[in-house]
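Undergrad: Curious how this folds, go ahead:
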Amino acid sequence: MKVTTDFVTGSGKGITQLDDAHFALQMRRDKYIYENYFHFRIEFEGYSDEAIIDIYPDQDYLPQSRRILASHFSPATLWHSPQGPFTTDVGSWRPVPGHLVEWRRDFIRLRTWLVEHPVEYVSSHHPLTAANWLKMLQERAAALPDLCSYHTIGSTPQGRPIGYLRIGTGARRVLIIASQHPIETPSSWAVRGIIDYLTSSLPQAQALLEEYCFECFAHVNPDGLDLGNPCFNASGVDLFLDFGGAAAGDFRSVEARLLWEHAVAGPLALVFNFHCYMGGYHHQDPPGEGIYMIPDFEEVFSPQAARSYRMINDHVIFSTDAFSSRYRPSELSADNLCYQLARQHDVPSVFYEFNGAFSGPYRNTRNGIRVFVAAMDGLAQAGG
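TA: From the prediction side, this is the model:
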């Protein structure tokens, strides 16, 4: 029996075998808060009895990481899959039965289930590889060539393309991005749900495609994803916070520069920026999702755009679980994409944070659709 993380999207370190069927590993932190994530593989090799895997916070950042494990991450659903990140099947990742997971003060103890497959992947965040996210987009474009087309905005420093699916024939652009933080793949599943919705036979979806053109990025940090990084890209940059110098063309990352250049290449009607976290904060109601807004946005937008921004986000707030984490929006700082598009180009946005602790791939696709439909209803009522 083996426990490993040396595969694409694997995340963890310090694997130690304590007994024949007892292993310990550490989560790997690259930034404060971005540390309670993991993705490992169990190779059973004919082993059929119970095994134990103890999952510890990053021991290089104690006692802080231990506190975050208890307050930020616990309790959360763990996920397993025989195919892991190497499939585009929404149903591949399934929850680990709760009675097999013990949340202790210093670590998580996982007891393996009845062995049905020679290999099982276990993860906090049910990822796909960067190549499989792109494969999903490419397959949809090939299946619906009159409606969809696949494009790239360039490549990362490690040569991975940053691709998107363009859907619709309308003149007005809507930009949808996910997973600036690579570990936040539940937000990518939300984009998958929006793609499914837009390519359905629903008349309301078809009406949107006549008015708008949707540019759907399932994952904008493919290097960080494949490396198993919680927050950063391959160069150690937090893409979320790399837009403060956008007006002057000052970026620390290739990915942020490419995304900004694409975004401002033409007028935008709306931007969706999807993020995610994992855990059950003690102050929240499940599913513990959240919305972020620009503080004092009336001073950032023109008067008409400010009214649209308020209308769009109010629709999301009162039609989704946006307030289940805290009964108010969190604040966006000036160094992110949504703020700078508002400041420089008067573009409204929706910044939504899903919670992968309570939702697997399927439910995240549904949650993404709910947020999308609410925002587009708000845009229509705002006259946009």
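
Undergrad: Can you tell me the closest non-neighbouring residue to C276?
TA: E184 (3.8 Å; Cβ to Cβ, 6 or more residues apart in numbering). Just so you know, the C-beta spots here come from the backbone N, C-alpha and C atoms, and that holds for glycine as well.

Undergrad: How about I294?
TA: Using Cβ to Cβ, 6+ apart and skipping residues adjacent in sequence, the residue nearest I294 is L332, 5.1 Å away.

Undergrad: Counting neighbours, what do you get for the one you found?
TA: Other residues lying near L332 total 21 when counted by other Cβ atoms under 10 Å.

Undergrad: tell me the contacts of it?
TA: Under the criterion of Cβ atoms under 8 Å, 6 or more residues apart in numbering, the contact partners of L332 comprise Y292, M293, I294, P295, C338, Y339, F351.

Undergrad: Filter those residues down to the buried ones, ChimeraX style.
TA: One line in ChimeraX is enough to select the buried members of those, burial here meaning 16 or more other Cβ atoms under 10 Å:
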select :292,293,294,338,339,351
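
Undergrad: Select the helix or strand of this protein having the lowest average pLDDT value.
TA: Of all regular secondary-structure elements in the chain, judged by mean pLDDT, DSSP states H and E, the least confident is helix 64-68 with a mean of 73.

Undergrad: what helices or strands is that helix leaning on?
TA: Identification of packing neighbours for helix 64-68 by 3 or more Cβ pairs under 8 Å, 6 or more residues apart in numbering; DSSP states H and E yields no helix or strand.

Undergrad: C-terminal to it, what's the next element?
TA: The C-terminal neighbour of helix 64-68 among helices and strands, as given by DSSP states H and E, is strand 79-81.

Undergrad: name the helices or strands packed onto that next one?
TA: For strand 79-81, the helices and strands in contact under the criterion 3+ Cβ pairs under 8 Å, 6+ apart are strand 94-95, strand 119-123.

Undergrad: Pick the most buried one from those strands.
TA: strand 119-123 (a mean of 21; mean count of other Cβ atoms under 10 Å).

Undergrad: does Q304 sit in a helix or strand, and which one?
TA: When elements are assigned from DSSP H and E, Q304 belongs to helix 303-319.

Undergrad: meant to ask about D54
TA: Using DSSP H and E, the element containing D54 is strand 52-56.

Undergrad: So which residues make contact with the helix holding Q304?
TA: If you take Cβ under 8 Å, 6+ apart as the criterion, helix 303-319 is touched by 270, 291, 293-294, 297-298, 300-301, 322-323, 329, 342, 346-350, 352, 370-371, 373-375, 377-379, 381-384.

Undergrad: In this structure, spot the helix with the most residues.
TA: Within the chain, and with DSSP state H defining each element, the longest helix by residue count is helix 361-381.

Undergrad: Flag the shaky bits of the stretch 101-250 of the chain, pLDDT-wise.
TA: For the stretch 101-250 of the chain, the stretches with pLDDT under 70 are 113-115.

Undergrad: which residues in it form strands?
TA: Per DSSP state E, counting those that start in this stretch, the stretch 101-250 of the chain carries strands over the ranges 101-103, 108-111, 119-123, 148-155, 161-167, 172-178, 212-216.

Undergrad: quick one: which of those strands is nearest T4?
TA: Each of the strands of the stretch 101-250 of the chain was scored for nearness to T4 using Cβ to Cβ, and the closest is strand 119-123 (10.0 Å).

Undergrad: That closest one pairs with which strands, parallel or anti?
TA: strand 39-43 (antiparallel), strand 79-81 (antiparallel) (DSSP bridges).

Undergrad: Of those strands, give the one that comes closest to W260.
TA: Of all the strands paired with strand 119-123, it is strand 39-43 that lies closest to W260, at 29.6 Å by Cβ to Cβ.

Undergrad: close enough to count as contact, Q59 and R28?
TA: No - Q59 is not in contact with R28 according to Cβ atoms under 8 Å; the separation is 10.5 Å.

Undergrad: out of these two, which sits in the busier spot?
TA: Regarding Q59 and R28, a neighbour count based on other Cβ under 10 Å identifies R28 as having more, with 23 against 13.

Undergrad: Test for you: state the pLDDT assigned to the more buried one.
TA: The predicted structure scores R28 at 93 on the pLDDT scale.

Undergrad: Check the secondary structure at it for me.
TA: When the structure is reduced to helix, strand and coil (DSSP: H, G, I helix; E, B strand; the rest coil), R28 reads as coil.

Undergrad: Skipping adjacent residues, who's closest to it in space?
TA: Skipping the residues right next to it in sequence, R28 comes nearest to K13 by Cβ to Cβ, 6+ apart, at 4.9 Å.
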